[in-house]
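In: need a 3D model of the sequence below.
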Amino acid sequence: MSQNTQDGYTRNWFKVTIPYGIKYDKAWLMNSIQSHCSDPFTPVDFHYVRNRACFFVEDASAASALKDVSYKICDDENQKICIFVNHSTAPYSVKNKLKPGQMEMLKLTMNKRYSVSQQALDLQNLRFDPDLVGRDIDIILNRRNCMAATLKIIERNFPELESVWELGKVKGLKLEELWLEGNPLCSTFSDQSAYVSAIRDCFPKLLRLDGQELSAPMIVDIDSSETMKPCKENFTGSETLKHLVLQFLQQYYSIYDSGDRQGLLGAYHDEACFSLAIPFDPKDSAPNSLCKYFEDSRNMKTLKDPYLKGELLRRTKRDIVDSLSALPKTQHDLSSILVDMWCQTERMLCFSVNGVFKEVEGQSQGSVLAFTRTFIATPGSSSSLCIVNDELFVRDASPQETQSAFSIPVSTLSSSSEPSLSQEQQEMVQAFSAQSGMKLEWSQKCLQDNEWNYARAGQAFTMLQTEGKIPAEAFKQIS
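Out: I've put the predicted structure just below:
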């Protein structure tokens, strides 16, 4: 395998994406592609994300042959299947595959946590287990490689974990992803909906089951329009209104750029709408920094397929946040942002946001793009805003915009008396909060007290929690 890299990309890896591939059975889809492909290939890490099917190949000739398969396969409805092939980093499961020694240590740790009498396996706070932390083994169960390794050990060593009632014994775990494919319990339900319902009863916060996205759990309770009664001063004074909007945008883009956009669920109404458009011609063969936005572009001027017109309009907050999470990771230049509030009533606020951002990973890392975003919002809880409509337009930045981008340093959202956090530190705080269940400010303090050593902070958290020295107000409230 060649190790030549450019901008962090291993040149031999390619990501294959089938838009709306979730409609097709995996076996049928892969057999159809294999039969039409002139070069044999080995798919790696096949999975569904949102409504797409994705996998990776490591062979450049196979990648080229896969491009030729696009629009050559028809489904049962005589719809041609589109296939996108792009250069990619090595799949996460390949780059981060656990080594034999790490697998053995994980197995020993899980053995220690298994109760034979109760036939129960305790995976709570697994990442902070002293045996793993002491050997610098970082196990985060919502990462595909960690989950795959854990499931492999369960399959080989704990085969009796096969009923949903046994899972109920660990229903306190704040799981976001669970894989049970191949477990005997999957065949005990009358249909898929009954299976999903039973699992969600155990894990209400679950987002993905066996690689499939689930409907959104309730993260933030948005009141009905009859009970949304904002303080009128929020909408009468221009300075107050300006402060409200700017504070909202700072919080929004802080989460958007954090690397985990699931936190944006609370910013959208349950039935919000979102659309994305770019000025990009798919017939243009030249490399284009907007390629990753093409699949979701809903430019009504060029979009002729009536099915896609409906599919590309994201209609719920879960679908919206999943769409945003699939877009490239970014860093917005907050000093470049211009806000135009062009419609205001007591119950609705319409405003447009213009600015620039850069991508922070992948083949286009460092490239500067410009955007225009139009929000329609209603009053939300805690005197904030609740988005009901979001339209995003992304384009290549002009030379002048690129030159002036990020020329003015922007402080983080923390108060001026507190030190600014780097992007890496912000991501550490988000990750620590997700794993420990503590609020962001408490997670940040724990990391700062331990000099931003994640493993040491985890050990300190586990010790203090065991001794009952962490106050209840440090933890997030579970609805």
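In: for the rest of this, base every contact and every neighbour count on C-alpha atoms.
Out: Fine.
In: give me phi/psi at the residue nearest the centre of the chain?
Out: For the chain, residue 325 is the residue whose C-alpha lies nearest the centre (Cα atoms, centre = their mean; 4.2 Å). Per-residue torsions, residue 325: phi -70, psi -30 (degrees, to the nearest 10).
In: nearest spatial neighbour of it, skipping sequence neighbours?
Out: Once flanking residues are discounted, residue 325 sits nearest to residue 261: 5.6 Å by Cα to Cα, 6 or more residues apart in numbering.
In: what of residue 131?
Out: Nearest to residue 131 is residue 109, by Cα to Cα, 6+ apart, at 6.8 Å.
In: so where do the strands sit in the stretch 351-479 of the chain?
Out: 368-379, 385-396 (DSSP state E, counting those that start in this stretch).
In: next, the angle from the first one to strand 385-396.
Out: In this case it means strand 368-379. 160 degrees (axes from the mean of the first three to the mean of the last three Cα atoms, to 10 degrees).
In: hmm, back to that, got the buried residues for the helix or strand where the residue nearest to residue 131 lies?
Out: Following DSSP states H and E, one finds residue 109 within helix 100-112. Applying a neighbour-count criterion of 16 or more other Cα atoms under 10 Å, one finds 102-103, 105-107, 109-111 buried in helix 100-112.
In: helices and strands around it, which ones?
Out: Contacts defined by 3 or more Cα pairs under 8 Å, 6 or more residues apart in numbering; DSSP states H and E place helix 100-112 against helix 130-133, helix 144-157.
In: which residues does residue 371 contact?
Out: Counting by Cα atoms under 8 Å, 6 or more residues apart in numbering, residue 371 makes contact with 353-357, 392-395.
In: 7 Å instead, please
Out: Counting by Cα atoms under 7 Å, 6 or more residues apart in numbering, residue 371 touches 354-356, 393-395.
In: same question for residue 114.
Out: Contacts of residue 114 (Cα under 7 Å, 6+ apart): 120-122.
In: wait, which of those is closest to residue 435?
Out: residue 122 (15.0 Å; Cα to Cα).
In: would you mind measuring from the closest residue to the closest one other than its chain neighbours to residue 74?
Out: Excluding its sequence neighbours, the residue lying closest to residue 122 (Cα to Cα, 6+ apart) is residue 113, at 5.4 Å. Remark: distance between residue 113 and residue 74 (Cα to Cα, to the nearest Å) = 49 Å.
In: residue 395: how many residues sit nearby?
Out: 18 (other Cα atoms under 10 Å).
In: measure it to residue 455 for me?
Out: In terms of Cα to Cα, residue 395 sits 41 Å off from residue 455.
In: now, of the contacts of residue 371, which are buried?
Out: 355-356, 393-395.
In: thinking again about what came up before, and the residue nearest to residue 122, what pLDDT?
Out: Per-residue confidence (pLDDT) for residue 113: 87.
In: for it, give me phi and psi.
Out: phi -90, psi 0.
In: re earlier: columns pLDDT and distance to residue 207 on top of the contacts of residue 371, output as JSON lines?
Out: What follows is those, written out as JSON lines (pLDDT from 0 to 100; distance: Cα to Cα, whole Å):
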{"residue": "354", "pLDDT": "90", "distance to residue 207": "32"}
{"residue": "355", "pLDDT": "91", "distance to residue 207": "32"}
{"residue": "356", "pLDDT": "93", "distance to residue 207": "31"}
{"residue": "393", "pLDDT": "93", "distance to residue 207": "28"}
{"residue": "394", "pLDDT": "92", "distance to residue 207": "28"}
{"residue": "395", "pLDDT": "90", "distance to residue 207": "31"}
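In: so where's the stretch 251-400 of the chain uncertain?
Out: Residue ranges of the stretch 251-400 of the chain with pLDDT under 70: 280-288, 300-310, 381-383.
In: now with 80?
Out: 280-292, 294-296, 298-312, 335, 342, 345-346, 362-364, 380-384 (pLDDT under 80).
In: those helices in it, which residues are they?
Out: 291-294, 306-311, 317-326, 399-404 (DSSP state H, counting those that start in this stretch).
In: which of those sits closest to residue 94?
Out: helix 317-326 (19.8 Å).
In: and this structure, what are its domains?
Out: 5-93, 100-213, 232-253+260-404, 423-474 (automatic domain parsing).
In: how far away is the residue lying farthest from the centre of the chain from residue 62?
Out: What lies farthest from the middle of the chain is residue 117; by Cα atoms, centre = their mean that is 37.9 Å. Distance check for residue 117 against residue 62: by Cα to Cα, it reads 51 Å.
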